[in-house]
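Participant: Next one to model:
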Amino acid sequence: MTAPNSSRSNCGRVLNDRYQLVDMLGQGAMGRVYEAKDLLLGGMPVAVKFLAQTLLNQKMRDRFEREAKICANLGYRSRHIIQVINYGIDERDEVPFYVMEYLQGQTLSRLIERQPLQVSRFLRLVQQICRGLQTAHAGVSIEGKTCPIVHRDIKPSNVLIIQDENREELAKILDFGIAKTLQDDNNLTNGFMGTLAYASPEQMEGLELDNRSDIYSLGVMMFQMLTGKLPITVQGNAFGEWYRAHREQPPRSFAEVGFKPPISSVVINKLENLIRRCLAKSPSDRPQNAQEIIRQLHYIETSLQRGQDFGATLGSRPPRRPQSSPPKFSWPADKPTSEISFYQILPDAKGDLATLWVMLSPQEIEKRLNCKVYNHFLCTPAPLHPMILWSAALYNPFNPEYGIRWLSSFLDLKSFRGQQMTRLLTETGQYQILLFSTATPDCPTSTFSAAINADKCKQLKEWAAVGQFSRSVGRIEDSKDQLKKHLEELKPRITLMLESNSPPTILL
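Facilitator: Just a heads-up that it's a prediction; the model follows:
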């Protein structure tokens with residue numbers, strides 16, 4: 001068979017009357033990748049990946065197609081995952097292929113071959129990689145079920161660094177999920193798929209994996225990005241040597257490999273502790289999700305930019321954000337699948353939970369994963385119908401070009417539900433924000449806590465008491481209109497305060 005998997009001789013031919021193969025970009029166990037031109041779209045450059053000849057059975061064809069759909073879903077939801085844009089069968093040879101965006105850049109492995117990364121650059125890129133992982137680990141909807149995706153081969157050569165539209169560095173994770181689906185095929189290997197130097201202990205043992213296996217691989221890569229060296233070493237390259245090393249050998253320290261950057265020792269210690277936690281032998285001792293890593297890296301980055309000592313804030317193992325009822329909930333069927341927000345009281349093992357449900361586009365969610373939250377409350381004066389306008393402003397001080405995202409809800413103080421939510425906010429001083437994507441409304445993409453300061457809690461309590469027993473005049477719509485008008489008048493002042501980086505905000 002003269003499939004594209006055989007040689008470079010296929011360069012120049014047109015695939016299915018649309019994609020002209022230009023050059024072979026690379027090859028691996030799964031197949032070959034070609035640069036191509038999309039003739040239907042005026043010669044737009046794309047990348048085409050073919051399934052390897054050795055895997056051409058129906059089971060693998062089905063999995064290859066399923067994987068293309070998963071990667072298309074993930075790439076749409078996160079700009080830190082390569083985008084799959086088409087799938088097809090080569091009409092000449094009946095070989096499956098899928099088409100990806102063609103990206104010009106260099107792999108992370110090429111980047112760190114020349115020299116390790118500076119800490120500030122490292123922090124920016126790793127946070128982006130974690131956002132891509134977070135999207136995949138949250139899962140995609142397959143046949144009505146949410147299926148988490150585990151990469152299983154996180155390493156520098158599977159991360160591409162390109163320039164975005166603002167000429168800023170952008171990290172893209174490649175080949176997402178392929179190893180996970182192929183690992184189940186007994187005809188491929190003896191149960192192991194991945195790269196020995198980056199594989200987790202449980203991956204080496206052939207155990208069932210979850211997102212924490214990717215976190216271990218990320219830890220290996222993080223160490224290498226900073227130091228240029230691997231944290232775990234062996235004499236040769238045999239499977240047995242790596243198996244024992246990952247299960248038994250403690251990772252090397254920064255000092256052992258001579259890594260001494262000219263920055264605060266407190267920051268370096270916190271960074272090293274984070275990486276060592278990622279490299280814990282037991283999954284339960286690692287950060288439990290990518291968001292936990294993002295949060296710590298954000299603190300470290302803040303300390304570098306502001307020159308502050310965050311030693312007291314960052315413990316060797318910070319408390320994990322509680323994962324309570326919200327992640328089990330899907331977007332309500334009676335709510336439109338559009339960019340809206342509303343409050344909801346949810347039952348919890350420890351009592352009722354105040355939540356703010358928010359639906360945004362995948363691109364907008366990417367901008368809001370690491371933000372500050374500023375809460376502002378307005379109440380109608382008597383004798384208007386008593387109502388509170390609750391506004392949460394999401395703002396990223398390190399990416400001010402993203403602007404402020406305003407999330408607003410009305411609390412009717414003459415209704416039982418409005419009184420209940422107001423009391424809950426004053427009693428707990430916090431609430432959960434649930435971010436849902438318009439692309440995957442079956443579960444939250446991200447959840448995080450936001451706090452309300454004591455003065456605002458006191459004010460809310462007073463408004464609730466007055467509103468419950470006061471005699472109101474006028475329509476609810478009139479109260480809403482007045483509150484919205486008042487908020488619009490205040491927005492410029494609040495925006496200026498946020499952009500000056502000096503508001504009474506809660507760092508997430």
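Participant: ranges for the helices of the stretch 351-500 of the chain?
Facilitator: Secondary structure of the stretch 351-500 of the chain (DSSP state H, counting those that start in this stretch): helices at 362-368, 416-428, 454-469, 476-499.
Participant: how about JSON lines for those helices, with mean pLDDT, distance to residue 102 and mean neighbour count added?
Facilitator: C-beta coordinates here come from the backbone N, C-alpha and C atoms, glycine included. Below are the helices of the stretch 351-500 of the chain laid out as JSON lines (pLDDT from 0 to 100; distance: least, CB to CB, whole Å; neighbours: other CB atoms under 10 Å):
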{"stretch": "helix 362-368", "mean pLDDT": "86", "distance to residue 102": "20", "mean neighbour count": "19"}
{"stretch": "helix 416-428", "mean pLDDT": "90", "distance to residue 102": "49", "mean neighbour count": "18"}
{"stretch": "helix 454-469", "mean pLDDT": "87", "distance to residue 102": "50", "mean neighbour count": "16"}
{"stretch": "helix 476-499", "mean pLDDT": "87", "distance to residue 102": "37", "mean neighbour count": "14"}
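Participant: could I get the ones you listed as TSV with distance to residue 196?
Facilitator: Shown next, in TSV, are those (distance: least, CB to CB, whole Å):
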stretch	distance to residue 196
helix 362-368	33
helix 416-428	48
helix 454-469	54
helix 476-499	48
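Participant: what's the closest of the ones you listed to residue 62?
Facilitator: Taking CB to CB, helix 362-368 is the member of the helices of the stretch 351-500 of the chain nearest to residue 62, at 26.6 Å.
Participant: Dump the closest one to CSV, keeping only the CA atoms.
Facilitator: Only the C-alpha atoms of helix 362-368 are listed here, as CSV (Å, rounded to 0.1, in the frame of the first residue of the first chain):
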residue,chain,number,x,y,z
PRO,A,362,-14.9,28.8,26.1
GLN,A,363,-12.7,31.7,25.0
GLU,A,364,-14.1,34.0,27.7
ILE,A,365,-13.6,31.3,30.4
GLU,A,366,-9.9,31.1,29.4
LYS,A,367,-9.6,34.8,30.3
ARG,A,368,-11.4,34.4,33.7
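Participant: on contacts alone, who are the packing partners of that helix?
Facilitator: In terms of contacts (3 or more CB pairs under 8 Å, 6 or more residues apart in numbering; DSSP states H and E), helix 362-368 is packed against helix 58-77, strand 405-412, strand 430-437.
Participant: average model confidence for the first one?
Facilitator: Right, helix 58-77. For helix 58-77, the mean pLDDT works out to 82.
Participant: for that helix, the distance to its chain's centre please.
Facilitator: The chain centroid and the centroid of helix 58-77 are separated by 19 Å under CA atoms, centre = their mean, to the nearest Å.
Participant: For it, buried residues please.
Facilitator: 60-61, 63-65, 67-68, 70-77 (16 or more other CB atoms under 10 Å).
Participant: cool, and the last one?
Facilitator: Using 16+ other CB under 10 Å as the burial criterion, the residues of strand 430-437 that qualify are 431-437.
Participant: Among the residues you listed, which one sits closest to residue 294?
Facilitator: Distances from residue 294 to those, taken by CB to CB, are shortest for residue 435, at 13.7 Å.
Participant: Touching, that closest one and residue 443? I think so.
Facilitator: No. Counting by CB atoms under 8 Å, residue 435 stays clear of residue 443, with 10.7 Å between them.
Participant: for residue 354, which residues make a bridge with it?
Facilitator: Beta-bridge partners for residue 354, by DSSP bridges, are residue 345.
Participant: That should have said residue 373, apologies.
Facilitator: Assigned bridge partners for residue 373, using DSSP bridges, are residue 394, residue 506.
Participant: From residue 455, how far off is it?
Facilitator: 16 Å (CB to CB, to the nearest Å).
Participant: what are the ranges of the helices in the stretch 101-250 of the chain?
Facilitator: Going by DSSP H, counting those that start in this stretch, the stretch 101-250 of the chain shows helices at 108-114, 119-138, 178-182, 201-204, 211-227, 239-248.
Participant: which helices and strands does the fourth one pack with?
Facilitator: Using 3+ CB pairs under 8 Å, 6+ apart as the contact criterion, the neighbours of helix 201-204 among helices and strands are helix 211-227, helix 239-248.
Participant: what's the answer for the longest one, then?
Facilitator: Counting contacts by 3+ CB pairs under 8 Å, 6+ apart, helix 119-138 is packed against helix 58-77, strand 169-173, helix 211-227, helix 290-306.
Participant: will you turn those into JSON lines that also has distance to residue 34?
Facilitator: Output for the helices and strands packed on helix 119-138, formatted as JSON lines (distance: least, CB to CB, whole Å):
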{"stretch": "helix 58-77", "distance to residue 34": "16"}
{"stretch": "strand 169-173", "distance to residue 34": "18"}
{"stretch": "helix 211-227", "distance to residue 34": "27"}
{"stretch": "helix 290-306", "distance to residue 34": "32"}
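Participant: Nearest to residue 451, out of these?
Facilitator: Between the helices and strands packed on helix 119-138, helix 290-306 lies closest to residue 451; by CB to CB that is 14.7 Å.
Participant: mind listing what residue 268 touches?
Facilitator: 254, 261 (CB atoms under 8 Å, 6 or more residues apart in numbering).
Participant: picking up where we left off before, may I see the helices and strands packed on helix 362-368 organised as TSV, with distance to residue 333 added?
Facilitator: Formatted as TSV, those follow (distance: least, CB to CB, whole Å):
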stretch	distance to residue 333
helix 58-77	21
strand 405-412	20
strand 430-437	13
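Participant: Any idea which of these gets closest to residue 251?
Facilitator: helix 58-77 (29.5 Å).
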